[in-house]
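Trainee: what would the 3D arrangement of this be:
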Amino acid sequence: MLAVRDGNFLEFHLRFVCLLPQVLKISLVIGDAAGIRTALHECQEKEYGKTKAIASHCPTRWGITHIIAQDIIDTKAALRNLVERPDWKKLAETSSNSGVPFLLGMTD
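Mentor: Next up is the predicted model:
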C-alpha cells in the first residue's frame, strides 16, 4: 500500500505527483498493446501463479491514479521480468505510445 513514511507528507506528495504521468502511461501502454499485456500475464503467472490486473485510467473515477500505482507496485517483479525478456524490444514496438522501452525501464 502506498503510505506516508516518517510523517513527511509533503515529500511523499511531491514524489507521488511526479510519478502520476508515468503511472497513467504504464496503464495506457498495457491497455493498448495486446502483445505486451499477454507477455505481462505470462510473467505474472510465472512469478505469482496467477494474473493480476492493472486498472485502466478513467478520469471520472476518484482515486484511480492511486489504484493504478498500487496495481503496478503489486506486480513490480513481473514488470521487471517483462522488460528483461529477449523479445521485449519487439513487444515494445507494438504499442502506439512513444517511449515505451524507457517508460518500463528498458534502456539498451
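Trainee: what about the closest residue to A34 other than its chain neighbours, how many residues close to it?
Mentor: Distance criterion Cβ to Cβ, 6 or more residues apart in numbering; nearest residue to A34, sequence neighbours excluded, is T94 at 7.5 Å. The C-beta positions use only the backbone N, C-alpha and C, and glycine is treated the same way. Look at T94: counted by other Cβ atoms under 10 Å, it has 15 neighbours.
Trainee: list the contacts for T94?
Mentor: 33-36 (Cβ atoms under 8 Å, 6 or more residues apart in numbering).
Trainee: what do you get for G31?
Mentor: Per Cβ under 8 Å, 6+ apart, neighbours of G31: 37, 56.
Trainee: show the buried residues in the contacts of T94.
Mentor: Buried by 16 or more other Cβ atoms under 10 Å: 33, 36, out of these.
Trainee: find the pair from the contacts of T94 with maximum spatial separation.
Mentor: A34 and I36 (7.5 Å; Cβ to Cβ).
Trainee: quick revisit: and the contacts of T94, which is closest to C43?
Mentor: For those, the nearest to C43 is I36 (10.4 Å; Cβ to Cβ).
Trainee: do a quick rundown of the strands in the protein.
Mentor: Taking DSSP state E, the chain contains no strands at all.
Trainee: against I36, how distant is E93?
Mentor: Computed as Cβ to Cβ, to the nearest Å, the E93 to I36 distance reads 10 Å.
Trainee: again with H57
Mentor: 16 Å.
Trainee: ok so, going back, can you list which of the contacts of T94 are found in helices?
Mentor: Judged by DSSP state H, these include 34-36 as members of helices.
Trainee: got CSV for the residues you listed, with pLDDT and distance to K76 too?
Mentor: Below are the ones in helices among the contacts of T94 laid out as CSV (pLDDT from 0 to 100; distance: Cβ to Cβ, whole Å):
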residue, pLDDT, distance to K76
A34, 84, 22
G35, 86, 20
I36, 86, 16
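Trainee: possible to save these as CSV with distance to L82?
Mentor: Output for these, formatted as CSV (distance: Cβ to Cβ, whole Å):
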residue, distance to L82
A34, 14
G35, 11
I36, 8
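Trainee: closest to V17 out of these?
Mentor: I36 (26.1 Å).
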